[in-house]
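Q: Generate coordinates for the sequence data below:
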Amino acid sequence: MNQSHSFYWKEEFEANHLYYGEIRVGRIVPFEMGDIRATDLITKVEEGIFEWKRRFSLIGDIPKRVRELPMEFEGNYQADYWMIPSVSYNGNSWGKGHEPKGWERDGQPWTFAFHRTSIPGATCSEGNGFSVSLFGKIHDNYRFSCSLQARADRTIHQLIWPEQEKPYVYAARDLYEAPYEEELVITGETVFEVTGYLIVNGIDTPKHSWNRLLDISWRLGYHHTEPDYSPEELWNLGIEFAREQLYVEDGIFKGFTWGLAWNKEEEKWKQKREAPYEIGWVGQNASLANSLLVDYLKNDNISSKEKGLSVLDCWAKYAPLKNGLFRVRFDHIIGKKAKYPEVNDACNLATTALQFFDAFNLAERCGEKRPKYLTIALNICNFAIEAQKDTGKWGKCWDNDGICKDDQGTIGAFLLLPLVRAYQITGEKKYLTAAKRGYQFYFDDFLANGYSTAGALDTYCIDKESSIPLIKGGLELYKITNDGKYLNAAELASYYAATWQWSYSIPLPKDSLLHQFQYDSFGGTSVSTQHHHIDHYALTLFESWNDLAELTGNQQWQQRAHAIWTNASRFISDGSLSIWGKKRPRGGQDEGICQTRWHTSMGRYFGVSQWLVAWPTAFRLEIIRNSSNWLKQDTKYY
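A: Modelled structure (predicted):
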């Protein structure tokens, strides 16, 4: 963009047109609805940012029932790339799921409720050298929706009052329900004024030009929040939940279950043993075991030490393979009916290596020698080097013979992280070389697509989780090499991850469970384009975003990290929490919070999942044990 130019509005052809120099970027579409008039007030906030107020009023005295009062900005281009944060990334063409795809379905444009998007009703598109974003301001009594539409050589951003979701409500991963529509009554006395924010800027990096949208929406919606528990309380609740509720002995297996589910027949919470016993990902056996070792060091609790070592020793005895791979789910080892075919995925393998690096040091501090732990971690790293393609790419998963069974998506990038740690421990450059090559491949792929993909094994779609190794890996490589390109890459990937984070507090339906518990959506993060609910997986970014704030001077990242921590402390039971008549054990927490018209098999709209899973506890404990000042210790525990 020419720095000598600025954006300005010009009224022509009975509409307000936005110009940049001689280039017409787009226009505000005039509102026409017979006996309802609309008047607009556009105020420049700063260069390229405009507050747009629209007031609807009735002509005459006869009340009018309406289902669609829009604010529309028409971009003077066909979009090269577009996004609805946490909902659609260039139409969600990547993947095999049934999430909303494309601009429309059955000939009707998609319309989504504002609370389904991480920025209220936000839409963003790129074209003709410009990035245009529009989002709405929350009004207590006026709920709204958004839509993004393609028409020939135009792209139309819409905010729509009252709320609607059409042509269907996306209600679960494979389920669509009837459309939802509200109705307004406009009378002569009605003062119906709504507000949107229009953001326009040039494109520095194609398919990644929405950073300013993230900055402005965060600034407008930011408010300080406090967690429900102190770190010390969370530590004690987490250790108790892991040791007393999740720990299981099943034949030769000693470890942790995926979590607790409600048993209707016995009317109590029971371990979900039909789910996999898993080293990382959902089960987080290695991380939980390491936290028990830290609990022994911190509190001299011999039960924590014994259970922690028994879990690590069990996996170390039965799961390693001669080729360096590690069997990441124990179900197959003990011949149990398994939910998934046996493959060893990059996310689980990376977690295994990182946690066994930690476990080697922790066991020694506990007075126990476990050289095999270090061997396991290094063998996984050595396998990763052998399995890496010339391009730097890894597969998503391998069978026990080391044959790649899926090479798609960003998930292979998780292997960057243990390779960097292996270099830091051994000083062997082969690990750093492989990490650099891998990072370059996956970051270039991310740049080209405008999204990252397939972080989990139960979905195959665009998601937030798979951006995590691009953030963590970039920061670690920057610390080693002092090459600014890695820091810049980590921040760009962080902006993408931030498109999944709620920048505002949803005004929840008053008859909902979330309203009853005064839940604040601010800081929470949605899962993927297939799973439209908030979970706590972004906890794994807590330390990275604090580091990013320190390294860049951009305090937004520290604020976002704090908001993640606070949001993820909600709905943790202190032993007295009861939801829908089901009293929860101490430390138990839901995996999912349904902040929109989305439900799980056990949850409801604007409710919770009723699934007390292991991994949020593991992530919180890991953060606390790695943050020495929180526990008033002089050193970290790994």
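
Q: Would you mark the buried spots in the helix or strand of the chain with the lowest mean pLDDT?
A: Using mean pLDDT, DSSP states H and E, strand 184-186 stands out as the lowest-scoring helix or strand of the chain, at a mean of 87. By neighbour count with 16 or more other C-beta atoms under 10 Å, strand 184-186 contains the buried residues 184, 186. No exception for glycine: its C-beta is placed from N, CA and C like everyone else's.

Q: Check which strands are paired with that strand and give the direction for each one.
A: According to DSSP bridges, strand 184-186 forms sheet pairs with strand 64-66 (antiparallel).

Q: Would you mind identifying the next helix or strand past the strand it pairs with?
A: With elements assigned by DSSP states H and E, the helix or strand that comes after strand 64-66 is strand 69-75.

Q: Which neighbours in the sheet does the helix or strand just after that next one have, and how are they oriented?
A: Downstream of strand 69-75, the first helix or strand assigned by DSSP H and E is strand 81-84. Note on strand 81-84: by DSSP bridges, its sheet partners are strand 88-89 (antiparallel), strand 123-127 (antiparallel).

Q: Quick check: mean pLDDT of strand 81-84?
A: Averaged across strand 81-84, the pLDDT comes to 98.

Q: May I have it exported as PDB, CA atoms only?
A: C-alpha atoms of strand 81-84 as PDB (Å, rounded to 0.1, in the frame of the first residue of the first chain):
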ATOM      1  CA  TYR A  81      -9.200 -16.000   0.600                       C
ATOM      2  CA  TRP A  82     -11.900 -15.700   3.300                       C
ATOM      3  CA  MET A  83     -12.500 -16.600   6.900                       C
ATOM      4  CA  ILE A  84     -15.100 -16.700   9.600                       C
END
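
Q: Tell me which residues of that strand come out buried.
A: Here strand 81-84 shows 81-84 as buried, counting by 16+ other C-beta under 10 Å.

Q: Residue 379 and residue 322 touch, don't they?
A: No - using C-beta atoms under 8 Å, residue 379 makes no contact with residue 322, being 9.1 Å away.

Q: Which one's more surrounded, those two?
A: residue 379 (20 against 8; other C-beta atoms under 10 Å).

Q: how about the nearest residue to that one, chain neighbours excluded?
A: Spatial nearest neighbour of residue 379, chain neighbours left out: residue 324 (4.0 Å); criterion: C-beta to C-beta, 6 or more residues apart in numbering.

Q: ok, that neighbour - contacts?
A: 379-380, 382-383, 386 (C-beta atoms under 8 Å, 6 or more residues apart in numbering).

Q: so what's the closest residue to residue 140 other than its chain neighbours scoring on pLDDT?
A: The shortest distance from residue 140 to any non-neighbouring residue, by C-beta to C-beta, 6+ apart, is to residue 507 (6.3 Å). pLDDT, residue 507: 95.

Q: which residues touch residue 507?
A: Applying C-beta under 8 Å, 6+ apart, we find residue 507 in contact with 138, 140, 143.

Q: which among those gets closest to residue 127?
A: Closest approach between the contacts of residue 507 and residue 127, by C-beta to C-beta: residue 138, at 28.3 Å.

Q: got the contact list for that closest one?
A: Residue 138 sits next to 114, 120, 504-505, 507 when contact means C-beta under 8 Å, 6+ apart.

Q: Tell me which two of the residues you listed sit farthest apart.
A: 114 and 505 (12.0 Å).

Q: who has more neighbours, these two?
A: residue 114 (24 against 16).

Q: so that one touches residue 143, yeah?
A: Yes - at 6.9 Å, residue 114 counts as touching residue 143 under the criterion of C-beta under 8 Å.

Q: Overlap in contacts, those two.
A: Common neighbours of residue 114 and residue 143 (C-beta under 8 Å, 6+ apart) are residue 163.

Q: Tell me the one of the buried residues of strand 81-84 nearest residue 440?
A: Distance to residue 440, by C-beta to C-beta, is smallest for residue 81 among the buried residues of strand 81-84, at 22.1 Å.

Q: Isn't that closest one up against residue 451?
A: No - using C-beta under 8 Å, residue 81 is not in contact with residue 451; the gap is 9.9 Å.

Q: Next, give phi and psi for the residue nearest to residue 140.
A: phi -70, psi 100 (degrees, to the nearest 10).

Q: who's in contact with residue 393?
A: 407, 412, 438, 441-442.

Q: what do you get if the cut-off is 7 Å, keeping everything else the same?
A: 407, 412, 441 (C-beta atoms under 7 Å, 6 or more residues apart in numbering).

Q: What degree of burial does the nearest residue to residue 474 once chain neighbours are set aside show, as a neighbour count?
A: Setting aside the residues directly before and after it, residue 474 is nearest to residue 490 in space (C-beta to C-beta, 6+ apart), at 3.1 Å. Burial of residue 490 is recorded as 26 neighbouring residues (other C-beta under 10 Å).
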